[in-house]
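Enquirer: output the structure for:
(one chain, ligands or ions: 1)
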Amino acid sequence: MQHALALARKGVGLASPNPMVGCVIVREGHIVGEGFHQYDWRDHAEIVALKSAGDKARGATLYVTLEPCNHTGRTGPCTEAIIAAGVQRVVAATDDPNPVNSGRGFERLRAAGVEVFTGACEEEARRLNEPFACWIRTKKPFVTLKSAMTLDGQLALPPSGKKHGKHSGKRRNWITSEESRAEVHRMRHAADTLLTGIGTILADDPLLTDRSGLPSWYSPLFQKFQRKRASCKTRGLKLSVQKLRMTGLICLRY
Ligand SMILES: [Zn+2]
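Expert: The predicted structure is shown next:
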């Protein structure tokens, strides 16, 4: 199951708006098939793994980090594919967080004579898809707050007051380290949407892009809170509206 979870994590930035799922098929102590889900592939992790296993899936054990689906969405139900492949046993980490579908995948498998075991590495698997579970249950986004702050609660260094050279006024005085800024890009990579306040837009004009270098099928969307109508006329907000339009094109992929 740990290997299936590692596979599922490859779906960060690739699986959304679907959950991250990894799957490993084992027969006679050997891995005969494996896969993970990414949105563009369409195939769910179980289908990717079944295709890679071929006939070796017959009589095998299938480890999967999430309850196999029993409904037809963009793809057919994974339960039927598992049954048709002759898998003997399914070990799942968690049930489907969607209350409408939860448990139905397991029911269908058991009804077809497949042995089903659940709860392996459950906590890890739940944490992996916490944002998906939040959205599917409440229709509200899972929000991560990112804030750079000094130990005494300050958000920036005080202005130096002295100017050295013609570019010194624009020089950045970071309160964060290279490592923490790299972590911010990994956080951006894992997020569907980035939001910031108008104060940050006007002060920093941030790019709000994912520069983690990790594969992603979309660019994080840019949104903003417009707290001050009066700021609409400022040059800073015009720039950010331009960015919003650019990312609006990407938004169509939803
Ligand atoms: Zn499925």
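Enquirer: how far away is Ser216 from the ion?
Expert: Ser216 sits 22 Å away from the ion, going by C-beta to the ion, to the nearest Å. The way it works is simple: take the backbone N, C-alpha and C, and place the C-beta from them, glycine included.
Enquirer: near the ion, which residues of the stretch 151-254 of the chain?
Expert: Residues of the stretch 151-254 of the chain lying near the ion by C-beta under 5 Å from the ion: none.
Enquirer: just the strands in the stretch 151-254 of the chain please.
Expert: Ranges of strands in the stretch 151-254 of the chain, per DSSP state E, counting those that start in this stretch, are 193-197, 221-225.
Enquirer: which stretch in these has the least confidence?
Expert: Least confidently modelled of those is strand 221-225, at a mean of 42 by mean pLDDT.
Enquirer: doesn't Arg127 belong to a strand?
Expert: No - read with DSSP: H, G, I helix; E, B strand; the rest coil, Arg127 is helix and lies in no strand.
Enquirer: count of neighbours near it?
Expert: Arg127 has 10 neighbouring residues, counting by other C-beta atoms under 10 Å.
Enquirer: dump stretch 42-55 to CSV, restricted to CA.
Expert: Only the C-alpha atoms of stretch 42-55 are listed here, as CSV (Å, rounded to 0.1, in the frame of the first residue of the first chain):
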residue,chain,number,x,y,z
ARG,A,42,-8.8,9.7,-18.2
ASP,A,43,-8.1,6.1,-17.1
HIS,A,44,-8.4,5.7,-13.4
ALA,A,45,-5.5,4.2,-11.5
GLU,A,46,-7.1,0.7,-11.4
ILE,A,47,-7.5,0.7,-15.2
VAL,A,48,-4.0,1.8,-15.8
ALA,A,49,-2.7,-1.0,-13.5
LEU,A,50,-5.0,-3.6,-15.0
LYS,A,51,-3.9,-2.7,-18.5
SER,A,52,-0.2,-3.0,-17.5
ALA,A,53,-0.9,-6.4,-15.8
GLY,A,54,-2.9,-7.9,-18.6
ASP,A,55,-3.7,-11.6,-18.0
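Enquirer: for Arg27, give me phi and psi.
Expert: Here is the backbone geometry of Arg27 (degrees, to the nearest 10): phi -140, psi 130.
Enquirer: and it, how many neighbours?
Expert: Neighbours around Arg27, by other C-beta under 10 Å: 18.
Enquirer: measure it to Phe117 for me?
Expert: 16 Å (C-beta to C-beta, to the nearest Å).
Enquirer: could you give the residue of the stretch 101-250 of the chain that lies closest to the ion?
Expert: Closest to the ion within the stretch 101-250 of the chain is Gly105: 8.0 Å, counting by C-beta to the ion.
Enquirer: wait, a strand at that residue?
Expert: No - counting by three-state DSSP, Gly105 falls outside a strand, being helix.
Enquirer: and it, what does it touch?
Expert: Contacts of Gly105 were listed using C-beta atoms under 8 Å, 6 or more residues apart in numbering, and they are 67-70, 77-79, 95-96.
Enquirer: quick check: pLDDT value at it.
Expert: pLDDT, read off for Gly105, is 97.
Enquirer: could you do Ala4 as well?
Expert: In this model, Ala4 is scored at 98, pLDDT.
Enquirer: and Pro215, how many neighbours does it have?
Expert: 11.
Enquirer: same question for Asp210.
Expert: Neighbours around Asp210, by other C-beta under 10 Å: 21.
Enquirer: and it, how far is that from His189?
Expert: 5 Å.
Enquirer: got it, and Phe106?
Expert: Phe106 is 32 Å from His189, by C-beta to C-beta.
Enquirer: so for those two, which residue has more residues nearby?
Expert: Phe106 (21 against 18).
Enquirer: surely the more buried one and Glu115 touch.
Expert: No - here Phe106 does not reach Glu115: they are 10.8 Å apart, not a contact under C-beta atoms under 8 Å.
Enquirer: overlap in contacts of the two?
Expert: Common contact partners of Phe106 and Glu115 (C-beta under 8 Å, 6+ apart): Val90.
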